[in-house]
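1. Provided below for reference: sequence and predicted model.
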Amino acid sequence: MTDYWFGGTEASYVVSVGAGNAVVFEPGAEVKAWATRTGADQLDALIDEAGQPITAVRANDGTDPTYPLGGLPRFKAPAAAIWLGADGEARVLAVTTDLPEMIAAVSAVANRADAAIDSHSADRNGHQTGVADLSDVQVPPADQRPAGQVFGTLAGGVFGLLAPAQAAGAVLLNPPKDAGGNYVGNVAAPPDPTQGQNGNPWLKLTQPYSATDDNPDAVQFFSTSATGQSIKTGWFNGNGEPRAAPSLPNRVAYRVFEAYENRNGPSTGRFFELSTNPLQAANREPLLGAYGTANASKPGWVEATRILSALKGVSAGGNHNALSPAVFRGRSAAVGAPVAGVWLVGDVVLDANGVLWMCTAAGEPGVWIGGGGGGGAAPPSAYVDVTLAAGMGHGAKHCASRLERGGDAGRLRGTLIATAAVAQGATLATIAAAHRPQAVVSGIARYTGGGSKLTINPDGTITYGSAFNVGQELWLDSVTYDLEP
């Protein structure tokens with residue numbers, strides 16, 4: 001049982017009424033504690049300030065200098081509020097002097113309770129309530145719930161797990177398959193065929209249009225690389241427009257295939273098309289289309305119904321009937337073949353006179369031959385000095401080669417002179433790559449010692465049927481040869 005302190009305050013005195021209703025202090029008077037104002041329920045289990053049990057409290061009679069004369073010393077009683085008075089006298093109510101501490105303690109408890117309530121209110125699931133804790137839910141423990149099931153209403157109206165096939169109205173993307181390999185689950189309700197293009201589609205994006213394309217993407221597809229990097233490979237932007245990017249530089253971001261063989265093989269018609277979009281489908285125009293390899297008249301063709309413009313040139317040809325591609329680069333403002341810039345084999349240019357020129361050897365500006373259009377054969381190309389072998393040098397006129405007859409023949413000119421002894425059949429010089437024949441060329445050429453066999457090989461090397469002494473010359477003027485076999 002808890003005891004409470006009383007006495008020792010500025011109001012703790014024993015007084016009586018004297019002559020003329022004057023207040024008279026009563027030193028040494030005995031005061032008892034009672035549980036009620038008038039009852040016979042004395043509280044005699046009191047404790048004095050020294051901790052000794054007492055049955056009544058005596059007002060200071062002057063023997064204790066720590067209390068005023070007639071004042072009640074401190075004592076404990078077993079209740080927080082008691083009635084004090086002598087036998088047969090009126091009683092007064094006394095409240096424990098512990099009251100401030102009691103109020104402070106209650107306030108601290110209240111503050112802690114408020115803080116706990118605030119914290120609990122901020123915790124959205126402070127009790128860690130799960131679906132299985134609810135009274136109207138029937139679900140197994142978390143580790144026993146089959147993947148792919150959905151939450152729905154079971155028989156009897158309670159909530160629980162349903163197989164996809166049981167989930168009426170549920171829409172599953174990438175649904176599972178049953179043991180027979182068939183997809184299970186539900187799909188969105190199909191559009192109303194009576195509404196045509198104005199009916200609701202399977203899925204509908206209603207986000208406001210953004211001219212700056214700064215809406216969040218509607219759908220995104222990602223691929224994870226071998227190093228764990230997440231790469232966005234396909235998406236529909238916030239306006240519902242498709243976008244694609246390859247996961248690696250050598251990957252194809254978007255590809256359209258012909259039909260599989262088990263679906264009647266390659267396409268026989270146009271299987272890819274970029275078209276106009278008029279209100280009437282019959283007025284649609286296929287601006288660009290790709291035909292299947294089984295098409296009767298355009299197998300594997302790509303056809304445009306408008307003029308096809310390309311910034312870097314249009315490549316045509318391929319492996320049909322063993323053809324090689326030719327790249328038409330455009331029209332030149334000058335007459336003749338290009339004389340500047342880097343060009344590749346197969347580049348085709350139309351000059352100012354309507355003459356077609358084709359590059360036969362890559363370079364800057366490369367080697368060109370003239371074709372049809374408005375002109376005849378190309379003029380001879382410039383002479384290029386041969387590369388000398390050991391022991392040989394140029395004579396009075398440098399030994400050089402060039403192309404003639406529109407580029408299908410080569411010509412040698414000039415003189416070679418031996419600067420050291422050179423053996424019979426040794427390489428004397430090498431012709432420039434663009435001027436080399438495709439088969440061995442043989443003929444007779446004169447040198448200081450007479451005449452002998454001259455050979456020009458496909459690798460461009462020149463050999464001779466006789467040896468040379470220092471100072472002997474080989475004359476090559478008017479040596480012409482075919483470049484083709």
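-> Received it, and whenever you're ready, just let me know what you need. On a predicted model such as this, the values are computed, not experimentally measured, just so you know.
2. which ones are touching Phe236?
-> Taking CB atoms under 8 Å, 6 or more residues apart in numbering, we find Phe236 in contact with 205, 217-219, 242-243. Just so you know, the C-beta spots here come from the backbone N, C-alpha and C atoms, and that holds for glycine as well.
3. closest to Tyr464 among those residues?
-> Arg243 (67.1 Å; CB to CB).
4. number of nearby residues for the residue lying closest to the closest one once chain neighbours are set aside?
-> Nearest non-adjacent residue to Arg243, counting by CB to CB, 6 or more residues apart in numbering: Trp235, 5.2 Å away. Neighbour count of Trp235, defined by other CB atoms under 10 Å: 17.
5. these two touch, right, Trp235 and Phe222?
-> No: between Trp235 and Phe222 there is no contact under CB atoms under 8 Å: 9.1 Å.
6. Ala429 - how many residues pack around it?
-> 25.
7. what about stretch 391-410, how long is it end to end?
-> Stretch 391-410 has its terminal residues 25 Å apart, counting by CA to CA, to the nearest Å.
8. buried ones in it?
-> 391-392, 394, 398-404, 407, 409-410 (16 or more other CB atoms under 10 Å).
9. for the stretch 301-450 of the chain, which spans come out with low pLDDT?
-> Of all residues in the stretch 301-450 of the chain, those with pLDDT under 70 make up the ranges 308, 316-320, 371-379, 406.
10. what about Tyr118, helix or strand, and which?
-> Careful, residue 118 is Asp; it's not Tyr. For Asp118, the enclosing helix or strand under DSSP states H and E is helix 99-122.
11. For that helix, name the packing helices and strands.
-> When contacts are defined as 3 or more CB pairs under 8 Å, 6 or more residues apart in numbering; DSSP states H and E, helix 99-122 packs onto no helix or strand at all.
12. what's next to it, contact-wise?
-> Residues outside helix 99-122 that contact it (CB under 8 Å, 6+ apart): 80, 96, 126.
13. Could you check how far the closest residue to Leu274 other than its chain neighbours is from Thr463?
-> Leaving aside its chain neighbours, Leu274 sits nearest to Leu288 (4.4 Å; criterion: CB to CB, 6+ apart). Separation of Leu288 from Thr463 (CB to CB, to the nearest Å): 56 Å.
14. who's more crowded, those two?
-> Between Leu288 and Thr463, counted using other CB under 10 Å, Thr463 has the larger neighbour count: 17 against 14.
15. Check the secondary structure at that one for me.
-> Following DSSP: H, G, I helix; E, B strand; the rest coil, the label given to Thr463 is strand.
16. In contact with it, which residues?
-> Shown in contact with Thr463 (CB under 8 Å, 6+ apart): 425-428, 454-455, 457.
17. cutoff 10 Å now
-> Taking CB atoms under 10 Å, 6 or more residues apart in numbering as the contact definition, Thr463 lies against 389, 424-429, 442, 453-457.
18. Which pLDDT value goes with the closest residue in space to Tyr209 that isn't next to it in sequence?
-> Excluding its sequence neighbours, the residue lying closest to Tyr209 (CB to CB, 6+ apart) is Asn239, at 5.7 Å. Here, the pLDDT recorded for Asn239 equals 93.
19. among the contacts of Thr463, which two are most distant?
-> The farthest-apart pair in these, when distances are taken by CB to CB, is Ala389 and Ser442, at 18.7 Å.
20. Compare the two (neighbour count), which wins?
-> Ala389 (16 against 12).
21. Quick check on the closest residue to the more buried one other than its chain neighbours: phi, psi?
-> Counting by CB to CB, 6+ apart, Ala389 lies nearest to Thr427, which is 4.5 Å off, once chain neighbours are set aside. Backbone geometry at Thr427, expressed as degrees, to the nearest 10, gives phi -70, psi 130.
22. wait, doesn't Thr427 sit right on Thr461?
-> Yes: in this structure Thr427 lies within contact range of Thr461 using CB atoms under 10 Å: 4.7 Å.
23. Are there residues contacting both of those two? Which ones?
-> With CB under 10 Å, 6+ apart, Thr427 and Thr461 have common neighbours 387, 389.
24. on that earlier part again, looking at the contacts of Thr463, which is nearest Glu261?
-> Closest approach to Glu261 among the contacts of Thr463 (CB to CB): Asn457, at 49.9 Å.
25. okay if I get the contacts of helix 99-122 as TSV plus secondary structure and distance to Ser12?
-> Formatted as TSV, the contacts of helix 99-122 follow (DSSP: H, G, I helix; E, B strand; the rest coil; distance: CB to CB, whole Å):
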residue	secondary structure	distance to Ser12
Ala80	coil	16
Thr96	coil	12
Gly126	coil	49
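26. Put the buried members of these into a ChimeraX selection.
-> In ChimeraX, this line selects whichever of the contacts of helix 99-122 come out buried by 16+ other CB under 10 Å:
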select :80,96
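27. wait, which of the contacts of helix 99-122 is closest to Leu274?
-> Gly126 (58.8 Å).
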